[in-house]
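A.B. asks: Predicted model, plus sequence, below.
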Amino acid sequence: MPPIQSPDLPPAEEKARFVSAMFSRIAGRYDLMNAVMTLGRDRAWRRRVVELAAPPPAGRLLDMGAGTGGIALAARAQFPKLTVVAADFTAEMMAVGRRKPGGRQVDWCAADALALPFADAGFDAVVSGYLVRNVALPNRLFAEQFRVLKPGGRIVCLDTTPPRGPLAPLIRLHFKRIIPLMGQWVGGDRGAYTYLPESTRTFLAPEALAARLARAGFVQVRWRTFMFGTMALHVAAKPMACGRA
Ligand SMILES: C[S@@+](CC[C@H](N)C(=O)[O-])C[C@H]1O[C@@H](n2cnc3c(N)ncnc32)[C@H](O)[C@@H]1O
């Protein structure tokens, strides 16, 4: 699907509009499509994000780009006393999450990840699933996440990553041919699932993403890939003694 033609908008705002419109269209079938594409593994990955974030049990966690709340709800299930803020700029995605079991125990918040409406150093952990690839300005995203995180708090990012290695040609073929077809049949939107492989192909390699995190001020940056090298998990921390917060 071509980007929305908005000659008056700067590229970052144009991408934001395009992304939000796309997720509002696919919100109703988003979870089903994820389960099908990942063979049901995505729920375990979201739980892993929460484990890696390791918030204090009664602390505050921000799930940024929370969508239908997969990570936010997993966080509340793992830590019943945790305050979980699920923020996103697509109301239709959050509406699906709010209706899920446990959805009322999460604080849903309409927010742009590039200009967060939160005070400095208010969260013990900031997590995101499949958000970074969708923002036009990852540096600004990480700067905002750094700002709202408490010193010593962790950031965890789960996202797809450009395929490489011996299986890469096969995976690219799967991305190019099979995922859009699945998107059409299961997700009801071929365009959105043409964007997914295309945005993955052109996304930052894991070490480049790690470098962006370090440039934003995060320390102890580590990452690993899995699912035949198609997914990456990055974990980092905000330094304890931090002059930049
Ligand atoms: C692929 S979905 C991921 C949803 C959820 N985190 C998950 O793990 O399934 C990406 C979400 O990020 C949101 N998003 C993208 N760019 C955003 C931005 N700049 N500000 C807020 N939300 C954004 C979209 O609206 C969408 O709900």
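C.D. replies: That came through fine.
A.B. asks: alpha carbons only for contacts and neighbour counts from here, please
C.D. replies: Will do.
A.B. asks: mind checking how far the residue nearest to residue 33 when sequence neighbours are not counted is from the ligand?
C.D. replies: Excluding its sequence neighbours, the residue lying closest to residue 33 (Cα to Cα, 6 or more residues apart in numbering) is residue 187, at 5.6 Å. Distance, residue 187 to the ligand, using Cα to the nearest ligand atom, to the nearest Å: 13 Å.
A.B. asks: For the lengthiest helix in the chain, report the contacting residues that lie outside it.
C.D. replies: The helix spanning the most residues in the chain, taking DSSP state H as the definition, is helix 11-26. Residues from elsewhere that reach helix 11-26, judged by Cα atoms under 8 Å, 6 or more residues apart in numbering: 3-4, 6, 89-93, 134-137, 187-189, 192.
A.B. asks: In those, find the pair that's most separated.
C.D. replies: 137 and 188 (28.8 Å; Cα to Cα).
A.B. asks: Comparing the two, which residue is more hemmed in?
C.D. replies: In this view residue 137 and residue 188 are compared by other Cα atoms under 10 Å, and residue 188 has more residues nearby, 19 against 15.
A.B. asks: got the contact list for the more buried one?
C.D. replies: Per Cα under 8 Å, 6+ apart, neighbours of residue 188: 26, 29.
A.B. asks: For the protein, which residues are neighbours of the ligand?
C.D. replies: By Cα under 6 Å from any ligand atom, the residues of the chain that approach the ligand are 16, 20, 23, 65-71, 88-90, 93, 111-114, 128-131, 134-135.
A.B. asks: before we move on, back to that, what's the residue nearest to residue 33 in contact with, if anything?
C.D. replies: 26, 29-30, 32-33.
A.B. asks: And for residue 56?
C.D. replies: Residue 56 is in contact with 82, 124, counting by Cα under 8 Å, 6+ apart.
A.B. asks: Specify the local secondary structure of it.
C.D. replies: State at residue 56, reduced to three classes by DSSP: H, G, I helix; E, B strand; the rest coil: coil.
A.B. asks: Next, work out how far apart it and the ligand are.
C.D. replies: 21 Å.
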